[in-house]
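*Asks:* Okay, predicted coordinates and the sequence, questions at the end:
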Amino acid sequence: QVQLVESGGGLVQPGNSLRLSCIVSEGIFNLYAMAWYRQRPGNQRELVAHINYGIRTTYRHSVKGRFSISRDNANNTIYLQMNSVKPEDTAVYYCNAEDPWKTQDWGRGTQVTVSS
């Protein structure tokens, strides 16, 4: 079973930056489509950013121009660079992997809190 481990969360002030990482164990990483989801307090989990097995990316409208997803296939890792963060970005952020057969795996999440 593929394991995903997120890191990089924490407390950050509005307007500052944070970078999340997710390392994937096992599997053929470069065939996975990867994504970051988040679950804000009182809300359902929502897609934040997605990157396919190439370099095509898509973003939630509210984070476009502020967040950037990238992948390092040599190190089985994806990143979420979060710039100009806002209090409404406060959430638990989850890493998601989908293989070519549409099987999905999830990490346990990392808390991001944006507050002054």
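*Replies:* Nice, thanks for sending it over.

*Asks:* residues touching the most centrally placed residue in the chain, list them.
*Replies:* Residue closest to the mean C-alpha point of the chain, counted by C-alpha atoms, centre = their mean, is Trp36 at 2.8 Å. Neighbouring residues of Trp36 by C-beta atoms under 8 Å, 6 or more residues apart in numbering: 20, 22, 47-50, 69, 78, 80, 93-96. Just so you know, the C-beta spots here come from the backbone N, C-alpha and C atoms, and that holds for glycine as well.

*Asks:* Then Asn96?
*Replies:* Asn96 makes contact with Leu4, Met34, Ala35, Trp36, Tyr37, Gln104, Asp105, Trp106, Gly107, according to C-beta under 8 Å, 6+ apart.

*Asks:* Show the buried residues in those.
*Replies:* Leu4, Met34, Ala35, Trp36, Tyr37, Asp105, Gly107 (16 or more other C-beta atoms under 10 Å).

*Asks:* got the residue ranges for the strands in this structure?
*Replies:* Secondary structure of the chain (DSSP state E): strands at 3-7, 10-12, 18-25, 33-39, 46-51, 57-59, 67-72, 77-82, 91-98, 104-106, 110-114.

*Asks:* In the first one, which residues are buried?
*Replies:* Put plainly, it is strand 3-7. Leu4, Glu6.
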